[in-house]
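Give me coordinates for this.
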Amino acid sequence: MNRESLIAFWLVPAPPEREYFAGIIQRFARKLQAPVFEPHLTVYATASGSFDPVGMMQDVSAIPIRLHVAEVAHSDRFTKSLFVNFESDGALLELCDRFRVRCGDLQDYVLKPHLSLVYKTLPPEVREELARGIDLSYAEVNFDVLRVVECPPAIKTSADVDEFRVLASRALAGRDS
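Numbering: from 1, shown residues only. Presented below is the predicted three-dimensional model:
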């Protein structure tokens, strides 16, 4: 594994939310000549190191997570041009903390739960117009797959997005009734 890469732990939405967000991402990618990527929420990300991210992901127990949609927002960051913000919850924060501890990171990772819809640098007026046009059909989104992904250390271009490499995936165990 490249020591200069970034290791990210993603939660992927469950169907039908997965297809809904994938459709939005693909539509914007065509319209804006932006990269296509899998809809995801980054739970934790860190520089690759001496830990085994695939083994660690398999060892961390987690249940499907349901998050409330807070808003559609935008920014001038390439990877957060247009995104859906979520309210955090205890299960998500606990999962993030488990990865932080297992990776041996002493720094505080600030989890800002969101799902990006566009990776592209866009003028503010374009981002505002796109945000106004998003009709969120879901007040809550279920996440039922965990992935570990190797990424470039900085994601600033479509070519960087093309370098995303899924190292492992796992379905999250169901909630006890």
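
Nearest residue to Phe99 in space, please, no chain neighbours.
The shortest distance from Phe99 to any residue other than its chain neighbours is 3.8 Å, reached at Tyr44 (C-beta to C-beta, 6 or more residues apart in numbering). All C-beta spots, glycine's among them, are computed from the backbone N, C-alpha and C.

Now for that neighbour: which residues touch it?
The contact partners of Tyr44, taken as C-beta atoms under 8 Å, 6 or more residues apart in numbering, are 8-9, 95-96, 99-100, 103, 109, 111.

Low-confidence stretches in the protein?
Applying pLDDT under 70 to the chain picks out residues 1-3, 106-108, 174-177.

Report the contact partners of Leu82.
Leu82 sits next to 28, 72-74, 116-118, 122, 127, 130-131, 134 when contact means C-beta under 8 Å, 6+ apart.

Could you count how many residues lie near Arg27?
Residues within reach of Arg27, counting by other C-beta atoms under 10 Å, total 12.

and it, which of the three is it?
Taking DSSP: H, G, I helix; E, B strand; the rest coil as the rule, one finds Arg27 in the helix state.

can you pull out the strands in the protein?
Counting by DSSP state E, residue ranges of the strands within the chain are 6-13, 41-47, 65-74, 82-86, 114-118, 140-151, 165-171.

Which secondary structure elements does the fifth one sit against?
It stands for strand 114-118. helix 17-32, strand 82-86 (3 or more C-beta pairs under 8 Å, 6 or more residues apart in numbering; DSSP states H and E).

Since that was my last question, I'll sign off now.
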